[in-house]
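# Requesting a structural model of the entry that follows:
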Amino acid sequence: MSDTTPSLDTSPDRIRYAVVGLGWFAQVAVLPAFANAERNSELAGLVSGDDEKLAKLGERYGVPEENRVHYDAYGELLESGEIDAVYVATPNHLHRDYVLPALEEGIDVICEKPLAVTEDDCRAMVEAAEANDVFLMTAYRLHFEEVNMKAAELVRSGALGDVRLFSAVFTNHVTNPDDIRLGPVDKGGGTLYDIGIYCINAARYLFADEPVQVTALSASGDGPHAGTESLTGAVMRFPGGRLATFSTCFSAQPRDTLRVLGTEGELVADPAFEFQPGLGYRLIRGDEVTTVETEPRDQVAPELLYFSDCVLNDEAPEPSGREGLADVRIIEALHRSAREGRAIDLEPMEPAKRPGPEQVISCPAFDKPELVAEEAP
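The predicted structure is shown next:
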């Protein structure tokens, strides 16, 4: 399998996907994205534990009834010959349960981030993909977004001079006590798995490097936030005397922004991580300020288009399963730092292939569809 970036082609072939897990994100982002990815991708299966979702969403998107299955029939769907790939959008702690059977059946997989909630689970998934000669991609939608990849290009090009600091803030209000994000860490709850992962991943692709040491402080809130990691401040030390800091919170005014400072300039992205509004950035060099803004876009269809081309052309994807592993090992180290009250050193990791502007794919935004048996977070 090649490590080169796939070149988009115009092949009539389509990869047939089953979407596993029909929660809020799957309904507002993944399922409707297939309309923008019809060149090489087709929604051919649905997997859920909810009969109403299977019936109504299956009818809405034209999925054959025999390919709308409950979780307990997932294995049969994988063996049916009707599916080429799956998009796993279940709760975080269940990713391994649905990724491994697909990989072992020889079916390619896109898995939502975090790839899993432990480094061991991530490694098991990566190894299964390699052993079965299939592809595993972690669903980092921002690796295909123009603003983020242009920011990476500017930082790496020296436009900011010698880059020294990265900082980010990602906050929102999570108030429903039944929200899985407010669950225990071992079930994938807490801010680091949900929103902190964006800050970690951005620091890694902007610095084009891996941290060597991390430190974190975490706190729980009151009410529905009691007993969960609802606020975290973190510092990651990178080679070359560079620092990345970020803060995440489930009980603060919604905010998502990042800043990179170098000896000759500064880049500010605000908003930086969200998928619903258009993203933008400012490049500041002395008195010169360049502002770039984009309209809202479909950020999931590019993942489908890209991954389907990878499968059709037998070219390894970026972001791979190893990219997902890289972030989860950092999250585990940050949790350990918060528990033990000390800095945690990280073992050297083989550098991942870095995303860049050659991966940018633009697809038009769409109106959010009506939810079925689901509430917006």
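# Farthest from the middle of the protein: give me that residue.
For the chain, the C-alpha farthest from the mean C-alpha position belongs to residue 287; by C-alpha atoms, centre = their mean, that distance is 35.4 Å.
# Point out where the stretch 251-377 of the chain drops to low pLDDT.
Judged against pLDDT under 70, the low-scoring parts of the stretch 251-377 of the chain cover residues 276.
# how about a cut-off of 80?
For the stretch 251-377 of the chain, the stretches flagged by pLDDT under 80 are 276-277, 351-352, 377.
# What is the burial count for residue 132?
17 (other C-beta atoms under 10 Å). (C-beta placed from N, C-alpha, C; glycine too.)
# do residue 359 as well
17.
# Ok, the one 10 residues further on next?
Other residues within reach of residue 369, judged by other C-beta under 10 Å, total 14.
# Quick check: pLDDT value at residue 179.
The score at residue 179 is 86. That number is its pLDDT.
# Wait, it touches residue 377, no?
Yes - in this structure, residue 179 is within contact of residue 377 by C-beta atoms under 8 Å, at 6.3 Å.
# tell me which element residue 273 is part of?
Using DSSP states H and E, residue 273 sits in no helix or strand.
# Now do the same contact list for residue 196.
The neighbourhood of residue 196, defined by C-beta atoms under 8 Å, 6 or more residues apart in numbering, consists of 170, 232, 234, 246, 248, 331, 334.
# which one of those is nearest residue 20?
Relative to residue 20, the closest of these is residue 331; by C-beta to C-beta it sits at 22.5 Å.
# Can you classify the closest one by secondary structure?
The assignment at residue 331 comes out as helix when based on DSSP: H, G, I helix; E, B strand; the rest coil.
# From residue 266, how far off is it?
27 Å (C-beta to C-beta, to the nearest Å).
# Of the two, which one has the most company?
Here residue 331 and residue 266 are compared on neighbour count by other C-beta under 10 Å; more neighbours surround residue 331, at 25 against 16.
# count of neighbours near the closest residue to that one other than its chain neighbours?
Leaving aside its chain neighbours, residue 331 sits nearest to residue 192 (4.8 Å; criterion: C-beta to C-beta, 6 or more residues apart in numbering). The local packing of residue 192 (other C-beta under 10 Å) involves 28 other residues.
# now residue 257
16.
# isn't it right next to residue 274, touching?
No - the pair formed by residue 257 and residue 274 falls short of the contact definition of C-beta under 8 Å, at 10.3 Å.
# So for the protein, the centremost residue is which one?
Ranked by distance to the mean C-alpha position of the chain (C-alpha atoms, centre = their mean), the top residue is residue 140 at 3.3 Å.
# Against residue 83, how distant is the residue nearest to it when sequence neighbours are not counted?
Nearest residue to residue 140, sequence neighbours excluded (C-beta to C-beta, 6+ apart): residue 319, at 4.4 Å. When C-beta to C-beta is applied, the distance between residue 319 and residue 83 equals 22 Å.
# Residue 144: what's it in contact with?
299, 302-303, 306, 355, 359-361.
# Compare the residues you listed and tell me which is most surrounded.
The most neighbours of any of these, using other C-beta under 10 Å, belong to residue 303, which has 28 neighbours.
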